[in-house]
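# Let me see the structure of the following:
(one chain, ligands or ions: 1)
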Amino acid sequence: MSNTIKFLDLNTTHAQVRGALDDAWVQAIETSGFIGGKNVDLFEAEFAAYCDADHCIGVGNGTDALELILDALGIGAGDEVIVPANTFIATAEAVARVGATPVFVDVDPTTALITGANIAPALTAATKAVMAVHLYGQTVNMDDVLAVCDPAGVKVIEDSAQGHGATWRGRRAGSMGIAAGFSFYPGKNLGALGDGGAVTTNDADLAEAIRSRANHGRSLNSKYEHDVLGRNSRLDGFQASALRIKLAELDRWNEGRRNAAELYRKNLPASFVPYVEMEDARSVYHLFVVRTTVVPRDVVGEGLVAEGIQWGIHYPIPCHTQTPFRADVVPSIPVSEEQSVQIMSLPMHPHLTPAEVERVCAVLAAIEADHAGSQS
Ligand SMILES: Cc1ncc(COP(=O)(O)O)c(C=O)c1O
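The predicted model follows:
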């Protein structure tokens with residue numbers, strides 16, 4: 001359909017850097033630089049610098065990044081890790097995979113993010129860490145979260161899978177907690193051409209422990225000695241070169257997302273309520289999520305699809321009600337549960353044009369008016 005408005009437009013993203021990506025692929029084949037090597041080293045240095053972090057370790061994907069951080073911190077059976085109920089399941093999966101217990105807490109209704117007030121009542125003697133998820137591209141209020149966690153000796157791990165380039169009071173996502181996990185899943189703000197991920201941290205010992213664990217627990221000084229039980233979770237050389245090419249464009253692409261978000265905020269009809277961008281945060285709008293407060297979501301969705309407008313839901317089933325976690329659960333997590341039936345992710349990518357944003361808003365306005373008409 002020619003008037004389709006795409007939810008995500010990777011074709012345009014890749015067309016903008018296509019020549020360089022093609023060259024990188026040829027170079028990977030010609031040099032056999034598949035695992036490790038120059039491009040991985042350079043990407044790690046460049047991404048650490050981009051995040052204002054001292055260290056970056058390329059890994060296989062964002063879930064592994066989180067799991068490796070938890071494992072290297074010695075978190076496992078008998079430990080509790082606080083996780084927002086409104087997140088992608090990988091945040092909780094990583095916790096459960098190291099043998100620890102995810103303790104789900106609610107999020108702030110205006111931002112959909114975890115806060116100190118959500119965390120404080122859930123702290124116990126067994127709490128070892130909090131997963132601070134920079135959801136939808138906006139960092140959590142890190143000062144608030146750290147103020148609750150630091151005195152309790154609880155580590156703050158940033159889940160920055162959706163936060164490449166976001167800042168809190170001028171500090172980059174990936175530089176504020178004990179460590180951060182990033183995903184380079186293709187649809188992320190910084191996406192590879194396949195799976196990929198990274199950990200950033202300012203802690204040299206932790207960086208070393210993670211690098212070893214991601215490479216079969218190999219001693220960093222000896223190819224044949226393995227100091228700890230590790231695994232294989234490495235970033236490919238080709239993915240690293242693609243990420244280097246795309247990292248150079250990331251700020252420009254994030255700016256494109258911010259411009260689209262600003263226009264949405266100006267044009268959205270009243271019953272579609274976007275999450276607040278906090279004064280001290282600079283979101284990179286991985287997603288643009290609104291709550292439909294009057295018209296049922298399936299009605300809105302049908303209306304959008306009829307006009308060729310793609311949309312999504314992040315996430316329709318709160319994490320604590322997913323099958324693997326249900327048994328452990330806690331009574332009710334009201335904000336996450338209520339909002340999970342209202343939220344809709346509208347088209348959001350760096351190349352969305354003002355005309356497209358305006359058309360999405362005009363279609364939403366027509367849906368709102370039709371619904372009001374049908375109720376009267
Ligand atoms: C918030 C969040 N955490 C973790 C992940 C996991 O990343 P990956 O898919 O690269 O394993 C994702 C990716 O979808 C995510 O959105």
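
# Neighbours of the residue nearest to residue 265 when sequence neighbours are not counted, how many?
In space, and not counting its chain neighbours, residue 265 is closest to residue 274: 6.1 Å by CB to CB, 6 or more residues apart in numbering. C-beta here means a position set from N, CA and C on the backbone, and glycine is covered the same way. Neighbour count of residue 274, defined by other CB atoms under 10 Å: 15.

# ok now do whichever residue of the stretch 1-150 of the chain sits closest to the ligand, which residues does it touch?
At 2.5 Å from the ligand, residue 62 is the closest residue in the stretch 1-150 of the chain, using CB to the nearest ligand atom. Contacts here follow CB atoms under 8 Å, 6 or more residues apart in numbering; on that basis residue 62 touches 90, 159, 161, 181, 182, 183, 184, 185, 197.

# at 7 Å what do you get?
Each residue near residue 62 by CB atoms under 7 Å, 6 or more residues apart in numbering is listed here: 90, 161, 181, 182, 183, 185, 197.

# now do residue 6
Residue 6 sits in contact with 310, 347, where contact means CB under 7 Å, 6+ apart.

# quick one on the thing from earlier: go ahead and confirm the residue nearest to residue 265 touches residue 268.
Yes: shown here, residue 274 and residue 268 form a contact pair, counting by CB atoms under 7 Å, at 6.4 Å.

# anything in contact with each of the two?
residue 290.

# Generate a ChimeraX selection restricted to the buried subset of the contacts of residue 62.
With 16 or more other CB atoms under 10 Å as the burial test, the buried ones among the contacts of residue 62 are selected in ChimeraX as follows:
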select :90,161,181,182,183,185,197
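
# So which of the contacts of residue 62 reach the ligand?
Filtering those for proximity to the ligand by CB under 6 Å from any ligand atom leaves 90, 161, 183, 185, 197.

# Need those in CSV (columns: pLDDT and secondary structure).
Listed next are the ones next to the ligand among the contacts of residue 62 as CSV, based on pLDDT from 0 to 100; DSSP: H, G, I helix; E, B strand; the rest coil:
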residue, pLDDT, secondary structure
90, 98, helix
161, 98, coil
183, 98, strand
185, 98, coil
197, 98, strand
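
# mind listing the strands in this protein by residue range?
Assigned by DSSP state E, the strands in the chain fall at 55-59, 80-84, 101-105, 127-133, 155-159, 167-168, 171-172, 179-183, 197-201, 272-274, 281-282, 288-292, 343-346.

# closest one to residue 323 among those strands?
strand 101-105 (13.8 Å; CB to CB).

# near the ligand at all, that closest one?
No: using CB under 6 Å from any ligand atom, strand 101-105 stays clear of the ligand, with a minimum separation of 12.7 Å.

# quick one: that strand to strand 127-133, angle?
For strand 101-105 against strand 127-133, the angle by axes from the mean of the first three to the mean of the last three CA atoms, to 10 degrees is 50 degrees.

# What parts of the chain come near the ligand?
Near the ligand, when you scan the chain using CB under 6 Å from any ligand atom, you find 61-63, 87-88, 90-91, 133, 159, 161-162, 183, 185, 195, 197.

# picking that back up, ok, the residue nearest to residue 265 - contacts?
Residues in contact with residue 274 (CB under 7 Å, 6+ apart) are 264, 265, 268, 288, 290.

# what's around the second one, how many residues?
Counted with other CB under 10 Å, the burial measure for residue 265 works out to 15 neighbours.

# separation between it and residue 284?
Going from residue 265 to residue 284 by CB to CB, to the nearest Å gives 15 Å.

# Next: the last one.
From residue 290 across to residue 284, the span is 17 Å (CB to CB).

# top of the contacts of residue 274 by neighbour count?
Ranking these using other CB under 10 Å puts residue 288 first, with 25 neighbours.

# With adjacent residues omitted, what lies nearest to that one?
Per CB to CB, 6+ apart, closest to residue 288 is residue 348, 4.1 Å.

# and the one you found, what does it touch?
257, 260, 285, 287, 288 are the contacts of residue 348 under CB under 7 Å, 6+ apart.

# hmm, try it at 8 Å
For residue 348, the contact set (CB under 8 Å, 6+ apart) comprises 7, 8, 257, 260, 261, 285, 286, 287, 288.

# just checking, the last one touches residue 265?
Put plainly, it is residue 288. No: at 9.2 Å, residue 288 and residue 265 do not qualify as touching, with contact defined as CB atoms under 8 Å.

# Provide a list of residues in contact with residue 293.
Contacts of residue 293 (CB under 8 Å, 6+ apart): 271, 272, 273, 342.

# Could you report the distance from the nearest residue to the first one once chain neighbours are set aside to the ligand?
For residue 271, the nearest residue in space outside its immediate sequence neighbours is residue 294; the separation is 3.9 Å by CB to CB, 6+ apart. When CB to the nearest ligand atom, to the nearest Å is the yardstick, residue 294 and the ligand sit 29 Å from each other.
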